[in-house]
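A.B. asks: What would the 3D arrangement of this be:
(2 chains)
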There are 2 protein chains.
Amino acid sequence: MLHLIGLGLSDPTDVTVKGLEIIKKCKRVYLEAYTSILMAASTESLEEFYGCKVLLADRELVESGSEEILEGADKDCDVAFLVVGDPFGATTHTDLVLRAREKNIEVNIVHNASVMNAVGCTGLQLYNFGQTVSMVFFTETWRPDSFYDKIKENRRIGLHTLVLLDIKVKEQTLQNLLRGNDIYEPPRFMSIEQAAEQLIEVQENRKEKNYEADTPCIAVSRLGSPRQVIRAGTLKEMAEYESGEPLHSLIILGHRIHDLESDYFMQWAFNKDTLKKSLEDDQKYTYE
Amino acid sequence: MLHLIGLGLSDPTDVTVKGLEIIKKCKRVYLEAYTSILMAASTESLEEFYGCKVLLADRELVESGSEEILEGADKDCDVAFLVVGDPFGATTHTDLVLRAREKNIEVNIVHNASVMNAVGCTGLQLYNFGQTVSMVFFTETWRPDSFYDKIKENRRIGLHTLVLLDIKVKEQTLQNLLRGNDIYEPPRFMSIEQAAEQLIEVQENRKEKNYEADTPCIAVSRLGSPRQVIRAGTLKEMAEYESGEPLHSLIILGHRIHDLESDYFMQWAFNKDTLKKSLEDDQKYTYE
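C.D. replies: Numbering: from 1, shown residues only, chains lettered A, B, ... in the order given. Got it, this is the predicted structure:
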């Protein structure tokens, strides 16, 4: 059987008891190591905690080499594929499930928290979120801004937007790629500051006002870890905020915010007075 | 310290290792027992698994009697408040957190899977969901339909809608309530069939076409439990579907469905041919 097991957000102990029991009986244990990281755990600490070897699965192995992962998995041989967060959270692994089903390998899912639901701890109700968007690192030549239209759709009906920030793990420079060098760049994680700057840049280019520098936001850093920090402020304040170690997510508020949400929200404010003003102004805003 | 601990979706072993370790050291352990149920666990099985007494917290205790829950909680006295799913999932417990903070009681959150992220196992991407709606049991005199406008907003921008179905636990008849009798009705859980019927009724009353009897849907029954069943069909088919034991959720698809999503989606079809047709028709639909 193939087991897709969510590891939750931060520590080795964020795995469920059910998940841990399964991992311990698996013949092979893979850790999906290219779309996210478990913030407070190394591969070694996971191996110690599980009492078994953990094989790192990079994008290439998962997307082209799933044969290796699925090899020999049957009713007498359990294989675990560990995913940070939930197996169907921000990155879905439906592809691997479909390939397993083609080979008549039974698939078992063990769910866990993901950023998509754990952001509820900001006090914003998950009911009031619209579609989630991703923001990639802008380069000189590649500055994709399709997130803008999605934020616009959410904002126009008053909903919050969760913005997931880019992570680059095991990336190669073009030079190393072309030369076939097995050299990888150090991992990069987008900061709140950079995400806010990119959001402001695109908003200015679009010359529309679907959100503005004064729009209220929440920065969620190291969600679910002992070093979690939540701060609330305007987008402009976020562009100057030193958010520290990864991982980070940013939420752009919608104007249909409930009193219970805003009461809770104010406790994270950089500056309560100015934020209250921005929040009130934003609620009055109507989109034509 | 007050610990809000998510229990996940179904079994006692769905708690995280971190959550279980905390529960074991708490002086008092409350289980929030009025907004959801842990499908494959009784209070007794939880007590046996945790090795401690579990106190049931009904709505009255949480909303009016939080003094009792918070009583004596400090740095030397840990109190656990267990929540099915995630503590900030479908029902948020920000109120209890705020009251704890007023008393200078430190609060610790242990996240877990909730229906809000675990529905990703249908193969629909969480990115493509709009706002979540709730559907209550209609009565002779109370048939609230505000969910309709929210589904309309989601559908117009092509997004999926998760519909959470009503649960009635520890409800009293008006007669027993007025007489002050301590008699409670048996728990009730809305079925897929009933939810679909109510959706169709409201759509017919509104005389709009924001969704129709032919709109593709997914029924998710007993999500995360060993008896989980996922089925896909039109809303009309859902109104005739015997979905069995609770809990259930329904998803109304959006037309902006990705090929990867629909490939995965088709495996749950009641009838692949008619569903494929409904899906294609729905994707052509434009809203004026």
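
A.B. asks: which one is the residue of the stretch 101-250 of chain A found nearest chain B nearest to, not counting chain neighbours?
C.D. replies: Closest residue of the stretch 101-250 of chain A to chain B, Cβ to the nearest Cβ: A:Gly120 (2.9 Å). Yep, even glycine has a C-beta here, placed from its N, CA and C like the rest. In space, and not counting its chain neighbours, A:Gly120 is closest to B:Phe88: 2.9 Å by Cβ to Cβ, 6 or more residues apart in numbering or on different chains.

A.B. asks: what does A:Ala232 give?
C.D. replies: A:Trp268 (3.9 Å).

A.B. asks: Who are the contact partners of the one you found?
C.D. replies: Neighbouring residues of A:Trp268 by Cβ atoms under 8 Å, 6 or more residues apart in numbering or on different chains: A:Thr122, A:Ile218, A:Ile230, A:Arg231, A:Ala232.

A.B. asks: Most neighbours among the residues you listed, please name it.
C.D. replies: When neighbours are counted by other Cβ atoms under 10 Å in any protein chain shown, A:Ala232 leads the contacts of A:Trp268 with 27 neighbours.

A.B. asks: For the contacts of A:Trp268, name the two members farthest from one another.
C.D. replies: A:Thr122 and A:Arg231 (10.0 Å; Cβ to Cβ).

A.B. asks: Correct me if wrong: A:Asp169 contacts A:Tyr34.
C.D. replies: Actually, residue A:169 is Val rather than Asp. Yes - using Cβ atoms under 8 Å, A:Val169 is in contact with A:Tyr34, at 5.2 Å.

A.B. asks: out of those two, which sits in the busier spot?
C.D. replies: Neighbours were counted for A:Val169 and for A:Tyr34 using other Cβ under 10 Å; A:Tyr34 has more, 21 against 17.

A.B. asks: residue contacts, the more buried one?
C.D. replies: Taking Cβ under 8 Å, 6+ apart, we find A:Tyr34 in contact with A:Ala57, A:Asp58, A:Arg59, A:Val62, A:Val169, A:Lys170.

A.B. asks: Give me the number of neighbouring residues for the closest residue to it other than its chain neighbours.
C.D. replies: Distances taken as Cβ to Cβ, 6+ apart place A:Arg59 nearest to A:Tyr34, at 4.5 Å, with adjacent residues excluded. Counted with other Cβ under 10 Å, residues neighbouring A:Arg59 total 15.

A.B. asks: cool, and A:Phe88?
C.D. replies: 28.

A.B. asks: how about it, phi and psi?
C.D. replies: Dihedral angles of A:Phe88 (phi, psi; degrees, to the nearest 10) stand at phi -120, psi 30.

A.B. asks: What of the one 10 residues further on?
C.D. replies: Note on A:Leu98: backbone dihedrals following degrees, to the nearest 10 are phi -60, psi -40.

A.B. asks: pLDDT value on it, please?
C.D. replies: Per-residue pLDDT puts A:Leu98 at 89.

A.B. asks: That one - how many residues pack around it?
C.D. replies: A:Leu98: 16 neighbours (other Cβ under 10 Å).

A.B. asks: From B:Asp263, how far off is it?
C.D. replies: Distance of A:Leu98 to B:Asp263, given as Cβ to Cβ, to the nearest Å: 7 Å.

A.B. asks: Now for those two: what residues contact both?
C.D. replies: Counting by Cβ under 8 Å, 6+ apart, A:Leu98 and B:Asp263 have no shared contacts at all.

A.B. asks: List the buried residues in the lowest-mean-pLDDT helix or strand in chain A.
C.D. replies: In chain A, no helix or strand scores lower on mean pLDDT, DSSP states H and E than helix A:59-63, which sits at a mean of 83. For helix A:59-63, the neighbour count (16 or more other Cβ atoms under 10 Å in any protein chain shown) marks A:Leu61, A:Val62 as buried.

A.B. asks: Need the per-residue pLDDT for the residue lying farthest from the centre of chain A.
C.D. replies: For chain A, the residue at maximal distance from the C-alpha centroid (Cα atoms, centre = their mean) is A:Asp76, at 34.3 Å. On pLDDT, A:Asp76 comes in at 91.

A.B. asks: Next, the contact list for it, please.
C.D. replies: Applying Cβ under 8 Å, 6+ apart, no residues qualify as near A:Asp76.

A.B. asks: Ok, A:Thr16 next?
C.D. replies: A:Gly6, A:Gly8, A:Val110, A:His111, A:Asn112, B:Gly8, B:Thr13, B:Asp14, B:Val15, B:Thr16, B:Val17, B:Asn112.

A.B. asks: List the ones among those residues that fall in strands.
C.D. replies: In strands, defined here by DSSP state E, the members of the contacts of A:Thr16 are A:Gly6, A:Val110.

A.B. asks: Go through the contacts of A:Thr16 and name the one nearest B:Val84.
C.D. replies: Among the contacts of A:Thr16, and counting by Cβ to Cβ, the member closest to B:Val84 is B:Gly8, at 7.8 Å.

A.B. asks: Tell me which residues are up against stretch A:147-156.
C.D. replies: With Cβ under 8 Å, 6+ apart, stretch A:147-156 has contacts from A:129-131, A:133-135, A:160-161, A:163, A:202-203, A:206, A:208, A:210-211, A:252, A:254-255, A:287, B:157.
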